[in-house]
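Visitor: got a predicted model here, sequence first, then my questions.
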Amino acid sequence: MTDDTKVLADHRLPWRRDPLKRQRAQAARRGGAGMFLGAIALGVAGFFAWRNREQIARKAGPMIDGAKSKSLDVLDKAAAKSHDLMDDAALKGHRLVDDARTRGQALAAKARVRRPAAPESNSLEVH
């Protein structure tokens, strides 16, 4: 009874791919219908938006202007902050250069004191 093919047929994987192909085609048709309905809904929404564009512009205009003024304020603050940061960086750079120059001059002064200068030779030696 357990070996009866009619009983086990419902629980076995299909050896042929025909049922799988059929199910895949049905799923594609169902997805295609959903896409089609979504496109229709988008088209209807676009039509009504086009028809009421003046009213939408009237209501959305103040919001757009407010957002524009806020963004300009933020841009001005960011520009001022970047200029301050650049000035601080330039000042630090000049300080570092000046500090390195004074240390280098002090080191050069120590080197002159410790060691006498080499005598100058007028002969040119070419190797």
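Guide: Yep, that arrived.

Visitor: could I get the average pLDDT for the top helix by length along the chain?
Guide: In the chain, with assignment by DSSP state H, the single longest helix is helix 53-114. In this model, helix 53-114 carries a mean pLDDT of 92.

Visitor: how is the chain divided into domains?
Guide: 16-51, 67-114 (automatic domain parsing).

Visitor: looking at these, which is closest to Ala60?
Guide: With CB to CB as the criterion, Ala60 lies closest to domain 67-114 of these, at 10.0 Å. Quick note: C-beta positions are derived from backbone N, CA and C, even for glycine.

Visitor: centre of the chain to the closest one, how far?
Guide: Centroid separation for domain 67-114 versus its chain: 29 Å, with CA atoms, centre = their mean, to the nearest Å.

Visitor: what is the neighbour count of Val44?
Guide: Val44: 10 surrounding residues under other CB atoms under 10 Å.

Visitor: tell me which element it falls in.
Guide: helix 18-51 (DSSP states H and E).

Visitor: what angle separates that helix from helix 53-114?
Guide: On the basis of axes from the mean of the first three to the mean of the last three CA atoms, to 10 degrees, helix 18-51 is oriented at 100 degrees to helix 53-114.

Visitor: cool, thanks, signing off.
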